[in-house]
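Participant: Quick check, what structure comes out for this input:
(chains A and B)
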Amino acid sequence: GAGVSQTPSNKVTEKGKYVELRCDPISGHTALYWYRQSLGQGPEFLIYFQGTGAADDSGLPNDRFFAVRPEGSVSTLKIQRTERGDSAMYLCASSPSGTSGGPGEQFFGPGTRLTVL
Amino acid sequence: AQSVTQLGSHVSVSEGALVLLRCNYSSSVPPYLFWYVQYPNQGLQLLLKYTTGATLVKGINGFEAEFKKSETSFHLTKPSAHMSDAAEYFCAVTRGGATNKLIFGTGTLLAVQP
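Facilitator: Numbers count the residues shown, from 1 in each chain, chains lettered A, B, ... in the order given. Coordinates of the predicted model:
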């Protein structure tokens, strides 16, 4: 079956612009995660959705970052007034469940590489 | 707070040699531990995980890891390296609970020499 997909694969934008990054999780997965991976670092947690609601947004770095998942499937990460420091790989992962019986495996998409000039 | 330390950002081995990638964790509660592999231009793929039970965990592609609580370690090994093992490897920990968010180490880039 299809895995997690992310679009676009690459996004180049100018400082101050607005960007949207899309994640299509595996069908039926209720849990969805966004991570950010800077060069030479491991992924860092941004936000977690269980269904339509953001159950944990403690990793969002500031109020320029926002994410939605209106129908409990596709999610969009939105970044306003982009800064050069936002340049990174943005990863999305989905899981069958975020809560029961120990952690379910998180399946990762290929990521969106964001470059802010 | 939880954290993960991966010793050695770059490891190079010869084809057929033992692979040992080190991971130490810090957690105030019994952790769940993972190893992920990332090939160039691909997403992270789960190699193996420890949740409960047997402390020696076997994963895909011949990799295994042993959870040692006394040493707070979860080192990844493979008896004989293959050229196709060249990739970046990430150790991760979660405490489970409502979020299951993963805390990753900084990664180890494995090179396999012919």
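
Participant: what about chain A, any weak spots by pLDDT?
Facilitator: Applying pLDDT under 70 to chain A flags the ranges A:1, A:97-102.

Participant: Closest residue of chain B to chain A?
Facilitator: residue B:104 (3.2 Å; C-beta to the nearest C-beta). In short, each C-beta sits where N, CA and C put it, glycine included.

Participant: which residues touch the nearest residue to that residue once chain neighbours are set aside?
Facilitator: Spatial nearest neighbour of residue B:104, excluding adjacent residues (C-beta to C-beta, 6 or more residues apart in numbering or on different chains): residue A:42 at 3.2 Å. By C-beta atoms under 8 Å, 6 or more residues apart in numbering or on different chains, residue A:42 lies in contact with B:4, B:90, B:92, B:104-107.

Participant: Narrow those to just the buried residues.
Facilitator: B:4, B:90, B:92, B:104-105, B:107 (16 or more other C-beta atoms under 10 Å in any protein chain shown).

Participant: Restricted to strands, list those.
Facilitator: B:4, B:90, B:92, B:104 (DSSP state E).

Participant: In CSV, list the buried ones among the contacts of residue A:42 along with pLDDT.
Facilitator: Below are the buried ones among the contacts of residue A:42 laid out as CSV (pLDDT from 0 to 100):
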residue, pLDDT
B:4, 93
B:90, 97
B:92, 94
B:104, 95
B:105, 95
B:107, 96
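
Participant: Indicate the residue of chain A located nearest to chain B.
Facilitator: At 3.2 Å from chain B, residue A:42 is the closest residue in chain A, using C-beta to the nearest C-beta.

Participant: For the residue nearest the centre of chain B, list each beta-bridge partner.
Facilitator: Nearest to the geometric centre of chain B sits residue B:35, at 3.3 Å (C-alpha atoms, centre = their mean). With DSSP bridges as the criterion, residue B:35 is bridged to residue B:48, residue B:91.

Participant: Once you drop chain neighbours, what's closest to the residue most central in space within chain A?
Facilitator: The C-alpha lying nearest the average C-alpha coordinate of chain A belongs to residue A:34 (C-alpha atoms, centre = their mean; 2.9 Å). Spatial nearest neighbour of residue A:34, excluding adjacent residues (C-beta to C-beta, 6+ apart): residue A:46 at 4.2 Å.

Participant: tell me the contacts of the one you found?
Facilitator: Residue A:46 makes contacts with A:33-36, A:57, A:59-61, A:65, A:67, A:77, as judged by C-beta under 8 Å, 6+ apart.

Participant: cutoff 7 Å now
Facilitator: A:34-36, A:59-60 (C-beta atoms under 7 Å, 6 or more residues apart in numbering or on different chains).

Participant: wait, doesn't residue A:25 sit right on residue A:93?
Facilitator: No: shown here, residue A:25 and residue A:93 do not form a contact pair, counting by C-beta atoms under 7 Å, at 8.1 Å.

Participant: shared neighbours of these two, which are they?
Facilitator: Taking C-beta under 7 Å, 6+ apart as the contact rule, residue A:25 and residue A:93 both touch residue A:4.

Participant: Number of residues surrounding the nearest residue to residue A:115 once chain neighbours are set aside?
Facilitator: Once flanking residues are discounted, residue A:115 sits nearest to residue A:12: 4.7 Å by C-beta to C-beta, 6+ apart. Number of residues near residue A:12 (other C-beta atoms under 10 Å in any protein chain shown) recorded here: 12.
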